[in-house]
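Engineer: No letters, just coordinates:
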């Protein structure tokens, strides 16, 4: 995620982000059943459960978790002269879905100075950030070590985008009927070598705001978009998967979104952000993403 420097307006951004985060919790506090929802932590693997239980026999209350997340996030923006790449209007679309679906599993392609905000919006859920730029990853994690993020590598190049789009149908493992992600080396669009955490969960929300896609040798977002679509189609739980794609003003993002996320599943959009609700397999064609 590329961040924009705005040293003249740090106070304005702090107020805007703080208002979004505080408003999020104020609004949710008036929703019936919120107290019970706050206690529903997203499912964890057995190894994670044993690890967390060993830390303390008395887990933090939901209010303590929320207070800690807000404090860390406000501190981050109060001491950092950068602002998120997404606009307030774009952020608000994702926020509305998080408010409806939390606590949830939230996968974010990209890591940046807006990451503490996304994590704070899902305090009792599971949010995972994926970043391909190692120097940027190290910098962000040094500043915000409390984030749950992984360094990842991509095998694609932006210059390959047209060829990948034109030829993916020739490989059955790239199509919805036989397509999958983990260890799928047959499909050039599959992110087959991601950290195990990526495959362990079904993701309720997926945001694609990375990797880089603005020069020929950059990885491009082709594989991230295809992978988001396949993960959504392979969902076992009830309900759709909400997918958010940023930078749709660019040709590759727009073209791959229309091919794999599909215009008919687009439910919202503003600025450079599109929001899709992708149904799981069984409600769509086996051989086409449309």
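Structural biologist: Now that the structure is in, tell me what you want to look at. Everything quoted here is computed from the prediction, not taken from an experiment. Numbers count the residues shown, from 1 in each chain.
Engineer: switch to C-alpha atoms for all contacts and neighbour counts from now on
Structural biologist: Fine.
Engineer: mind listing the helices for the stretch 101-250 of the chain?
Structural biologist: Using DSSP state H, counting those that start in this stretch, the helices of the stretch 101-250 of the chain run over 115-121, 134-143, 161-167, 196-200, 222-233.
Engineer: Let me know the average pLDDT across the shortest one.
Structural biologist: It stands for helix 196-200. Across helix 196-200, the average pLDDT comes to 97.
Engineer: would you list the helices of the stretch 101-250 of the chain in JSON lines and tack on distance to residue 97 and mean neighbour count?
Structural biologist: Shown next, in JSON lines, are these (distance: least, CA to CA, whole Å; neighbours: other CA atoms under 10 Å):
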{"stretch": "helix 115-121", "distance to residue 97": "10", "mean neighbour count": "23"}
{"stretch": "helix 134-143", "distance to residue 97": "26", "mean neighbour count": "14"}
{"stretch": "helix 161-167", "distance to residue 97": "30", "mean neighbour count": "14"}
{"stretch": "helix 196-200", "distance to residue 97": "21", "mean neighbour count": "12"}
{"stretch": "helix 222-233", "distance to residue 97": "16", "mean neighbour count": "25"}
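Engineer: Which of those helices sits closest to residue 275?
Structural biologist: Closest to residue 275 of these is helix 222-233 (CA to CA; 12.4 Å).
Engineer: which secondary structure elements does that closest one contact?
Structural biologist: If contacts are counted by 3 or more CA pairs under 8 Å, 6 or more residues apart in numbering; DSSP states H and E, helix 222-233 sits against strand 205-208, helix 251-256, strand 273-278.
Engineer: ok so, going back, tell me, which of the helices of the stretch 101-250 of the chain is the model least confident about?
Structural biologist: Looking at those, the lowest mean pLDDT belongs to helix 115-121 (a mean of 93).
Engineer: on that earlier part again, could you dump the helices and strands packed on helix 222-233 to TSV with mean neighbour count, mean pLDDT and distance to residue 173?
Structural biologist: Listed next are those as TSV, based on neighbours: other CA atoms under 10 Å; pLDDT from 0 to 100; distance: least, CA to CA, whole Å:
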stretch	mean neighbour count	mean pLDDT	distance to residue 173
strand 205-208	24	99	22
helix 251-256	18	98	17
strand 273-278	23	98	19
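Engineer: What residue, apart from its backbone neighbours, is nearest residue 101 spatially?
Structural biologist: What sits nearest to residue 101 in space, not counting adjacent residues and going by CA to CA, 6 or more residues apart in numbering, is residue 204, at 7.9 Å.
Engineer: Could you report the separation of that neighbour from residue 141?
Structural biologist: 25 Å (CA to CA, to the nearest Å).
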